[in-house]
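Chemist: Generate a structure from the sequence data that follows.
(chains A and B)
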Amino acid sequence: MKALKIIVLAKQVPDTRNVGKDAMKADGTVNRAALEAIFNPEDLNALELALQMKDRVKGSTITILTMGPGRAAEVIREALYRGADDGILLTDRKFAGSDTLATSYALAKTISKMNDYDVIFAGRQAIDGDTAQVGPQVAEKLGIPQITYAEEIVDIKEKEIIIKRRLERGVEVVSSTKPVLITVHSSAPDCRPRNAKLMMKFKHSKTVTELQDMSEDYLDLYQSRPYLKIDEWSVNDIEVDDAALGLSGSPTKVKKIENVVFNAKESKRLTAYDQDIDDLMKELIENHTIG
Amino acid sequence: MDDQEVADVSLELLTKAKSLANKLSCKLEAIVLGTDLKDVEKKLFKYGVDVVHVGDDKSLAPYLTLPHTKIICDIFTKEEPQIALFGATSVGRDLAPRIASAMKSGLTADCTSLEIGDHYVKKTDTTYKNLLYQIRPAFGGNIVATIINPETLPQLATVREGVMKKEIFDEGYKGELKKINVNDIIDDSDFIVKIIERHIEEKKVNIKNAGIIVAGGYGVGSKQNFKLLYDLAEVLGGEVGGSRAAVDAGYIEHERQIGQTGVTVRPKLYIACGISGQIQHRAGMTDSSMVISINTDESAPINGIADYVITGDIAEIIPKMIKYYRKNSK
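Modeler: Numbers count the residues shown, from 1 in each chain, chains lettered A, B, ... in the order given. Here you go, the predicted structure:
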């Protein structure tokens, strides 16, 4: 079978699952520094399905694409350690403030500029917004079909790909021709761990910006090993309408952010002692809340 | 549609949309796509729907992204609605972003509240009148954001099942039926994705309508410990629910998740066990008539909205509750 060209869309996100008490500053704004930046969990599931596809179809390649600040290059390295072939960091101040529509516009324009592709994988949603919009919107902008909530690759044929989808109350098996964009659900297999050999190979991979802080010894190494170069693209590398980027390209605006305030009720405080529990249950039975 | 029934979430959205339409003094219209839809409009008019667009064709069930997107975009382009709402179901969350991208309009996912209001921009001294305020918790639930789309129409939002209340507007309300000529809009190119197999299970649990809910969070500690919650729920005649953290940890199935990205419930009694109570969770249970929080952490946020706070270990407390109830209920 002809080798497949696979793109995986991934995002670096603040770990909102482990928000500690220091996550909010005194003025009510979010303290991003207190949150660890991680590989969005469902994007790791997406990477795993891409790797399975690469395992099944010999000669296939995986390019990981991420949009974000310079430090998001970490996501690309993580993917290289697990078996991706190369990556592109899309980074530019002009992307700041993008909502899902402006983000998908930038990603779709980047993909159009890349080589041909057969399959695009992405996580269903990112944990910092839970919108699940970017995948379908990229597919729409590229004019290709989408398969959302993928859980398993059932079959890969010359002309079509067969995918099992996880719905809220069941599953569906669908086929699509290529190219297609597939968003991956958390019920798909967990991503394989880092491969020790690949870690050795790629641990010194860097973007152009990261190179600036490196010593001359490193630059010699970098010159002799072309795979260490992580592509870094900016607005200048893609053909875009600047007005469709960032804040100006985002139809949704944040009108107001409110810190969560408790309208604390007058709670009755009880202990675990028998008497307290018995009194509570007695009261609930008497006022017909239970029973 | 949910099999041959109109999905509950759609009726809930029609109820909310009717109140928004009344505020804006505009019409409420509904779009139904599927097959064997004879008389479906009769089920909708009583929610105050002025126009029901029905696309009835074998090719439209089960749902496929591309044909549904094309038909709805076609109607949006002709009718130019100000606001369009979608249920945040697996269908709605597949369809709405595709439509938003095609219409180049803004979409807010999983809103917990929708209101009408104005927006003033100082820089340009412009006031936008009667916008849809799309309100949702954001950033791990530490903040609540109000989102607007001042420049683009339609203003799009998805809402989870149970967040809005379903209420009949007027039993005798009469609207208009408009048939969609499906085959004038879609063609073979919209059927690139084909369904090979489908297994949809019956809805097993119905926590949305339960009168008593015993819900557990990450603090329950394990799937085994959840057994205690099932015991208590069984004795009291209630259902068991869980927070997202408990679902993510694999303690309980997703179907029982309560909160912004799960189900919204309004029981007369809500017993929160080992739930810290982030806003996404509270968004799904804050209308409970009575809340009891059992938690080892005295300062858990959920305690702020609880009527009773029991500080201690569920493994000790729940058996005592069961024991007393068995002995003293009739």
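Chemist: and the stretch 151-300 of chain B, which residues reach chain A?
Modeler: The stretch 151-300 of chain B has residues B:151-152, B:192-203, B:212, B:236-237, B:245, B:248, B:255, B:261, B:268-269, B:278-279, B:289-290, B:292-293 near chain A, with proximity defined as C-beta under 8 Å from any C-beta of the partner chain. The C-beta positions use only the backbone N, C-alpha and C, and glycine is treated the same way.
Chemist: pretty sure A:K164 is touching A:I147, no?
Modeler: No: no contact is recorded between A:K164 and A:I147 when judged using C-beta atoms under 8 Å, the distance being 9.7 Å.
Chemist: that older thread, please convert the buried members of the residues of the stretch 151-300 of chain B next to chain A into PyMOL selection syntax.
Modeler: A single PyMOL command selects the buried members of those (16 or more other C-beta atoms under 10 Å in any protein chain shown):
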select buried, chain B and resi 152+192+193+212+236+245+248+255+261+269+278+279+290+292+293
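Chemist: where does the chain have its least confident helix or strand?
Modeler: Chain wasn't specified; assuming chain A. strand A:253-259 (a mean of 88; mean pLDDT, DSSP states H and E).
Chemist: please go with chain B instead
Modeler: Quick look at chain B via mean pLDDT, DSSP H and E: least confident is helix B:279-283, a mean of 89.
Chemist: Poorly predicted segments of chain A, please.
Modeler: Applying pLDDT under 70 to chain A flags the ranges A:18-32, A:260-264.
Chemist: can you map out the strands along it?
Modeler: Secondary structure of chain A (DSSP state E): strands located at A:5-10, A:12-14, A:37-39, A:61-67, A:86-90, A:119-123, A:146-156, A:160-167, A:170-177, A:180-184, A:231-233, A:253-259, A:268-270.
Chemist: counting contacts, what elements does the third one pack onto?
Modeler: Meaning strand A:37-39. In terms of contacts (3 or more C-beta pairs under 8 Å, 6 or more residues apart in numbering or on different chains; DSSP states H and E), strand A:37-39 is packed against strand A:12-14, helix A:73-82.
Chemist: and the last one, what does it pack onto?
Modeler: For helix A:73-82, the packing partners by 3+ C-beta pairs under 8 Å, 6+ apart come out as strand A:5-10, strand A:37-39, helix A:41-56, strand A:61-67, strand A:86-90, helix A:196-202.
Chemist: List the buried residues for stretch A:109-127?
Modeler: Residues A:109-111, A:117-127 are the ones in stretch A:109-127 that count as buried (16+ other C-beta under 10 Å).
Chemist: Which two among those residues are spaced furthest apart?
Modeler: The most widely separated members of the buried residues of stretch A:109-127, counting by C-beta to C-beta, are A:D118 and A:I127 (28.0 Å).
Chemist: Contacts only, for A:E258.
Modeler: B:I143, B:V144, B:A145, B:T146 (C-beta atoms under 8 Å, 6 or more residues apart in numbering or on different chains).
Chemist: Can you tell me how far A:G83 is from chain B?
Modeler: Separation of A:G83 from chain B (C-beta to the nearest C-beta, to the nearest Å): 26 Å.
Chemist: Next up, the contacts around that residue.
Modeler: Counted by C-beta under 8 Å, 6+ apart, A:G83 has contacts A:L51, A:K54, A:I62, A:R192, A:N195, A:L198.
Chemist: Go again with 6 Å.
Modeler: Going by C-beta atoms under 6 Å, 6 or more residues apart in numbering or on different chains, A:G83 touches A:L51.
Chemist: what's the closest non-adjacent residue to B:T158?
Modeler: The shortest distance from B:T158 to any non-neighbouring residue, by C-beta to C-beta, 6 or more residues apart in numbering or on different chains, is to B:A88 (4.0 Å).
Chemist: typed the wrong thing, it's B:F45
Modeler: Closest residue to B:F45 apart from its sequence neighbours, by C-beta to C-beta, 6+ apart: B:G175 at 4.6 Å.
Chemist: so how many other residues sit close to residue 94?
Modeler: Reading this off chain A. For A:K94, the count of nearby residues is 19 (other C-beta atoms under 10 Å in any protein chain shown).
Chemist: wrong chain, I was asking about chain B
Modeler: Neighbours around B:D94, by other C-beta under 10 Å: 26.
Chemist: cool, and the one 10 residues further on?
Modeler: Taking other C-beta under 10 Å as the criterion, the count of residues near B:K104 is 13.
Chemist: Please report how far the residue lying closest to it once chain neighbours are set aside lies from B:D287.
Modeler: Leaving aside its chain neighbours, B:K104 sits nearest to B:T152 (6.5 Å; criterion: C-beta to C-beta, 6+ apart). For B:T152, the distance to B:D287 equals 32 Å [C-beta to C-beta, to the nearest Å].
Chemist: Mean neighbour count, the helices and strands packed on helix A:73-82: which tops it?
Modeler: Ranked by mean neighbour count, the helices and strands packed on helix A:73-82 are led by strand A:5-10 with a mean of 25 (mean count of other C-beta atoms under 10 Å in any protein chain shown).
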